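>>> Have a look at this prediction, sequence included:
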Amino acid sequence: MSEINQPANATPPSREPAAPLFLFGRFLSWLIFRCYNRMEVAGQKNLPPHGGVLLIANHTSYVDPPIVGAATPRPVHFMAKAELFFFPLGAIIRRTHAFPVKRGGAGNREALRTAVRMLKEGKVLLIFPEGTRSPTGALIPLEQGAAFVALSAGTQVVPVGLDGADKILPYHGHFLRPAKLRVRIGPPVALDDLRGERLTRDVLQTATDRMTEALRGVLPAERQGN
């Protein structure tokens, strides 16, 4: 894998506006992961330089969002659980490009609508389609939410494989560890033939299956799951 040779907070290819706190957090994350965890990133060229892009990544640690933000040359927006958006932390989180999502019910539907709108506005959005952190580090079955967002927005989907995040901050850990970190960005998932189709469970599952294979393709064998 090729190593990052400049901080990911360099001028984004699409020159998108980004909140100052996000830019500061991205630079700080890049500095920590690059120096402390010897972060390597491969495949940045696979990220389209313009237009809405849905990033899908495997999820093993609470440090996954800042890792993706540091490894991606465009500003990234995130979903975060609603419980984090209490005063005053919520105001800070929002300034790092995060927005709340509630599990189930109307709150979850509202978050999905927000995600679709942001993608149609040409932004980059990160979703962890597993829905929760994997306790073993291996990929667990994907939920259909990411497929619904991608097909509703008509946007490109790019897989991001994270290898080592769970060793930097383990499942029940509280402190960062100096483990090796590798990030691999894959080519967009082939979904063109599904666009315009009625979003039935079968169509969403087909898209989800393709996303699963795309994520497996950017992960080492021991993290690909069953």
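Nice, I can see it. Residues are numbered from 1 along each chain as shown.
>>> just the helices in this structure please.
Per DSSP state H, the chain carries helices over the ranges 20-36, 64-71, 89-94, 105-120, 145-153, 165-168, 201-217.
>>> and the second one, what other elements does it pack with?
Taking 3 or more C-beta pairs under 8 Å, 6 or more residues apart in numbering; DSSP states H and E as the contact definition, the neighbouring helices and strands of helix 64-71 are helix 20-36, strand 53-57, strand 76-81, strand 124-127, strand 156-163, strand 182-185. (Each C-beta comes from the backbone N, C-alpha and C, glycine too.)
>>> Same check on the fourth one?
Helices and strands touching helix 105-120, by 3+ C-beta pairs under 8 Å, 6+ apart, are strand 53-57, strand 76-81, strand 98-101, strand 124-127, helix 145-153.
>>> Comparing the ones you listed by mean pLDDT, which bottoms out?
When these are ranked by mean pLDDT, strand 98-101 comes last with a mean of 82.
>>> Residues contacting stretch 84-104, please?
Residues external to stretch 84-104 that are found in contact with it (C-beta atoms under 8 Å, 6 or more residues apart in numbering): 18-22, 25, 65, 69, 75-82, 107-108, 110-111, 114.
>>> Show me which positions of the least confident helix or strand in the chain by mean pLDDT end up buried.
Of all the helices and strands that make up the chain, helix 89-94 has the lowest average by mean pLDDT, DSSP states H and E, namely a mean of 77. Residues 90, 93 are the ones in helix 89-94 that count as buried (16 or more other C-beta atoms under 10 Å).
>>> could you dump it to PDB, C-alpha only?
Backbone C-alpha positions of helix 89-94 (Å, rounded to 0.1, in the frame of the first residue of the first chain) are rendered in PDB as follows:
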ATOM      1  CA  LEU A  89     -21.400  18.300  23.000                       C
ATOM      2  CA  GLY A  90     -24.000  18.300  20.300                       C
ATOM      3  CA  ALA A  91     -23.100  21.700  19.000                       C
ATOM      4  CA  ILE A  92     -19.400  20.600  18.800                       C
ATOM      5  CA  ILE A  93     -20.300  17.400  17.000                       C
ATOM      6  CA  ARG A  94     -22.400  19.200  14.400                       C
END
